[in-house]
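Q: Curious how this folds, go ahead:
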Amino acid sequence: MIPINKPWIGEEEKREVANVLEENALTTAARDGGKRVRDFESQMKNYLRIKHVLAVNSGTAALHAALLALEIEQGDEVLLPSFTFVATANAVVAAGAKPVFVDVKKEDYTMDVSDLKKKISKKSKVIMPVHLYGHPADIDEMNEIADKHSLEVVEDACQSLGSTYKRKQTGTFGIMGCFSMYASKVITAGEGGAIATNDDKIADKIKMIRNHGMVEGYDTRVLGLNMRLPELSAAVAKMQMQKLDKMLQLRRRNAELLSKILLPSAKNGIRIPQETADKKFNWYLYTVAFQKDRDKIKDRLVKSSVGATVYYSPPAHKTPYYMKVAPRTSLPGTDWCADHVLSLPVHPNVSEADIDHIASSVKAALEN
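A: Residues are numbered from 1 along each chain as shown. Sure, this is the predicted structure:
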C-alpha cells in the first residue's frame with residue numbers, strides 16, 4: 001500500500017533524540033523553552049521571515065492559544081470554514097466562543113469571501129481562514145474585510161507550511177499564523193505546533209499561555225495550560241526543518257508528475273489541483289474532485305494499493321456535536337466538496353514508479 005502520508009525520518013532525527021535522552025533533559029517549564037525548542041523556533045522564524053515563532057505541543061494548541069491571546073470569550077464569534085479538520089472548530093469552542101461556519105469555494109476548497117461577508121455580525125471578533133491541503137486562501141481580501149470591521153485574522157496554516165501567497169509564506173499575513181507538526185504534516189515532531197507573529201505583546205502572552213500563564217515561578221497571570229513542546233519532539237522538528245526544502249521539492253516533483261499524467265483525464269470527470277500566479281502550494285495533499293462515483297473510485301484505488309483518502313467527510317458542521325452547536329447550518333459548497341474530493345499520496349517517500357502506479361490506477365478506475 002502506498003500510504004497517503006508517511007513521515008520522512010532519517011538517522012539525523014534519531015541521533016538528535018538520542019542526544020536528548022543522553023542529556024536527560026526531556027522537557028522544561030522555562031519561559032523560553034528548552035535548547036532544542038529555541039533552535040526550532042529560530043529556524044522556523046528565519047524560514048517564515050517573521051519576528052516571532054512560539055512552539056507548542058500541537059496544531060490544536062496553537063489555534064487555542066492564539067484565541068486565548070486575543071482574549072476571545074463567551075459570546076464572541078469566530079468565522080471559519082466547516083470544510084477542515086474539526087480541530088479548527090474545537091479550538092474556537094475551547095476558547096469559549098461560537099463558531100460561525102463559512103462556505104468554501106469548489107475551485108480550491110478555501111473560504112468563500114462572498115459568504116464570509118454575509119456571516120459577519122456585531123459579535124464577530126476573528127476570521128480564521130484555513131489554507132486547506134496547502135492551498136492558500138484569499139488572504140488579502142480577508143484582511144481588507146477584517147480591517148473594515150475591526151476584526152483580527154488568525155490563519156490556520158496547519159497544513160500549509162511552505163505554501164506562498166504572492167511570494168509570502170502563509171501564516172504570516174494575520175495577527176497570528178498557526179502551524180501543525182503532526183505525524184502526517186510536511187514536517188513532523190510526532191505531535192507539535194507553532195504560532196508565528198510579528199506582535200511583541202502577543203509573543204510574550206503566548207509564552208505565558210503555553211506554560212499555565214506563568215512568568216516567574218507559580219505566578220499565573222493569565223489563563224494558560226500546559227501547551228509546551230517537549231525537547232524530545234523539538235529534537236525531531238529541528239532536524240526536519242533542515243530537510244524542509246528538500247521535502248518540498250520532492251512533493252512538488254511528485255505532484256507535477258501526477259498532474260502531467262492525469263491532465264488528459266480531466267475531460268473524464270476528474271478535476272486536478274492547479275496553482276495560480278499568486279498561489280503556490282506545498283503539496284501537502286494532492287486533492288482531486290470527481291463529478292460522480294467518488295466512493296467507488298476510492299474503493300478501487302485502495303484495492304490497487306493506493307492509499308486514497310477523503311478529507312473531510314463529514315465536514316465539521318455535519319458531525320453530531322456541531323449539529324447541536326450550530327444547527328440549521330447551510331453550506332452547499334462545503335457539502336459538494338465533502339462528497340466529491342479525494343486525496344492522493346505525493347509525500348517525499350513516494351517514488352516516480354509509485355506516481356505511475358497511482359496515475360494508472362486512477363485512469364483505470366475512471367474508465368470502469
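Q: pLDDT wise, what is residue 367 at?
A: Residue 367 is assigned 87 on the pLDDT scale.
Q: Endpoints of stretch 4-12, how far apart?
A: With C-alpha to C-alpha, to the nearest Å as the measure, stretch 4-12 spans 24 Å from end to end.
Q: got the buried residues for that stretch?
A: For stretch 4-12, burial by neighbour count (16 or more other C-beta atoms under 10 Å) applies to 4, 5, 7, 8, 9. Where you see a C-beta, it was placed from the backbone N, CA and C, and this is true even at glycine.
Q: Reformat those residues as TSV; add pLDDT, secondary structure and distance to residue 165.
A: Formatted as TSV, these follow (pLDDT from 0 to 100; DSSP: H, G, I helix; E, B strand; the rest coil; distance: C-beta to C-beta, whole Å):
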residue	pLDDT	secondary structure	distance to residue 165
4	98	coil	25
5	97	coil	23
7	96	coil	26
8	96	coil	25
9	96	coil	30
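Q: Throw those residues into TSV and include distance to residue 123, thanks.
A: Below are those laid out as TSV (distance: C-beta to C-beta, whole Å):
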residue	distance to residue 123
4	38
5	37
7	41
8	44
9	45
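Q: For residue 113, give its distance to residue 141.
A: Residue 113 is 5 Å from residue 141, where distance means C-beta to C-beta, to the nearest Å.
Q: Next: residue 301.
A: From residue 301 to residue 141 the distance is 36 Å (C-beta to C-beta).
Q: Looking at these two, which has the bigger crowd around it?
A: Comparing residue 301 with residue 141 by other C-beta atoms under 10 Å, the one with more neighbours is residue 301, at 21 against 15.
Q: if I pick that one, what's in contact with it?
A: By C-beta atoms under 8 Å, 6 or more residues apart in numbering, residue 301 lies in contact with 308, 342, 344, 358, 361, 362, 365.
Q: Which residues does stretch 10-25 contact?
A: Residues contacting stretch 10-25 (C-beta under 8 Å, 6+ apart): 26, 34-36, 231-232, 235-236, 238-240, 242-243.
Q: tell me the domain ranges of the chain?
A: 11-242, 244-367 (automatic domain parsing).
Q: Return the most buried member of these.
A: Comparing the domains of the chain by mean neighbour count (mean count of other C-beta atoms under 10 Å), domain 11-242 ranks first with a mean of 21.
Q: Return the mean pLDDT over it, rounded to an integer.
A: For domain 11-242, the per-residue pLDDT averages 97.
Q: before we move on, what about stretch 299-317?
A: Averaging pLDDT along stretch 299-317 gives 98.
Q: Now do that stretch: distance from first to last residue.
A: Stretch 299-317 end-to-end distance (C-alpha to C-alpha) = 25 Å.
Q: which residues sit in contact with the nearest residue to residue 67 once chain neighbours are set aside?
A: Sequence neighbours aside, residue 95 is the residue nearest to residue 67 in space, at 3.8 Å (criterion: C-beta to C-beta, 6 or more residues apart in numbering). The contact partners of residue 95, by C-beta under 8 Å, 6+ apart, come to 64, 67, 68, 72, 73, 78.
Q: one more time with 10 Å, if that's ok
A: Residues in contact with residue 95 (C-beta atoms under 10 Å, 6 or more residues apart in numbering) are 63-74, 76, 78, 126, 223.
Q: Restricted to strands, list these.
A: Using DSSP state E to define strands, the subset of the contacts of residue 95 located there is 78, 126.
Q: Now do the helices in the stretch 1-150 of the chain.
A: Counting by DSSP state H, counting those that start in this stretch, the stretch 1-150 of the chain has helices at residues 11-23, 35-48, 59-69, 87-94, 113-119, 139-149.
Q: is it possible to export the ones you listed to a markdown table including distance to residue 212?
A: As requested, the helices of the stretch 1-150 of the chain are exported to a markdown table (distance: least, C-beta to C-beta, whole Å):
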| stretch | distance to residue 212 |
| --- | --- |
| helix 11-23 | 23 |
| helix 35-48 | 16 |
| helix 59-69 | 12 |
| helix 87-94 | 16 |
| helix 113-119 | 34 |
| helix 139-149 | 30 |
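Q: Minimum distance to residue 313: which of the ones you listed has it?
A: helix 87-94 (15.3 Å; C-beta to C-beta).
Q: can you give me the angle the closest one makes with helix 59-69?
A: Between the axes of helix 87-94 and helix 59-69, defined by axes from the mean of the first three to the mean of the last three C-alpha atoms, to 10 degrees, the angle is 40 degrees.
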